[in-house]
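> pasting the structure only:
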């Protein structure tokens, strides 16, 4: 049996267009809402075409020194220029970026996974401190 984690790719987002970029404070106040954004292609644009696109971004939080990880959200993108007129002829294109708000009570690590329909799963993470 193959471990799925071996299929998740990681790289420096400044050099690889598939890596999710997590933008959030480095430190938050326990129990208070904070905003964060996850995007792809921040330095090198990722295409958004019928043939090559980001299908979804999923965000997780893993509290420090705990066993389990919690899913924050799954954000799907469904419009990539598909149309009855043909590929890339549609009237709407989603953008591979999501903004959300959350609150945490413990320090931990945010993990973002993104799925490219051609190049598979990509991950990044960011530690968050709590005061």
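Yep, it's here. Quick caveat: nothing in here was measured; it's all calculated off a predicted structure.
> ok, the most far-flung residue of the chain relative to its centre - contacts?
When distances to the mean C-alpha position of the chain are computed (Cα atoms, centre = their mean), the maximum falls on residue 85, with 30.6 Å. Residues touching residue 85, when contacts are defined by Cβ atoms under 8 Å, 6 or more residues apart in numbering, are absent altogether. Where C-beta positions appear, they are placed from N, C-alpha and C, glycine not excepted.
> how about stretch 32-52: buried residues?
36, 38-42, 46, 48, 50 (16 or more other Cβ atoms under 10 Å).
> can you redo those residues as JSON lines with secondary structure?
Below are the buried residues of stretch 32-52 laid out as JSON lines (DSSP: H, G, I helix; E, B strand; the rest coil):
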{"residue": "36", "secondary structure": "strand"}
{"residue": "38", "secondary structure": "strand"}
{"residue": "39", "secondary structure": "strand"}
{"residue": "40", "secondary structure": "coil"}
{"residue": "41", "secondary structure": "coil"}
{"residue": "42", "secondary structure": "coil"}
{"residue": "46", "secondary structure": "coil"}
{"residue": "48", "secondary structure": "coil"}
{"residue": "50", "secondary structure": "coil"}
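> Quick check: residue 18 vs residue 35, distance?
The spacing between residue 18 and residue 35, counted by Cβ to Cβ, to the nearest Å, is 24 Å.
> before we move on, back to that, from the buried residues of stretch 32-52, which is closest to residue 103?
For the buried residues of stretch 32-52, the residue nearest residue 103 by Cβ to Cβ is residue 36; the value is 11.2 Å.
> I'd assumed residue 26 was in contact with that closest one.
No - in this structure, residue 36 sits apart from residue 26 without contact. The criterion is Cβ atoms under 8 Å, and the distance is 11.3 Å.
> can you count the residues close to residue 80?
22 (other Cβ atoms under 10 Å).
> In contact with the nearest residue to it once chain neighbours are set aside, which residues are there?
Leaving out its chain neighbours, the residue that sits closest to residue 80 by Cβ to Cβ, 6 or more residues apart in numbering is residue 53, at 4.2 Å. Under the criterion of Cβ under 8 Å, 6+ apart, the neighbours of residue 53 are 47, 77, 80, 96, 116-117.
> Before I go, just wanted to say thanks for your time.
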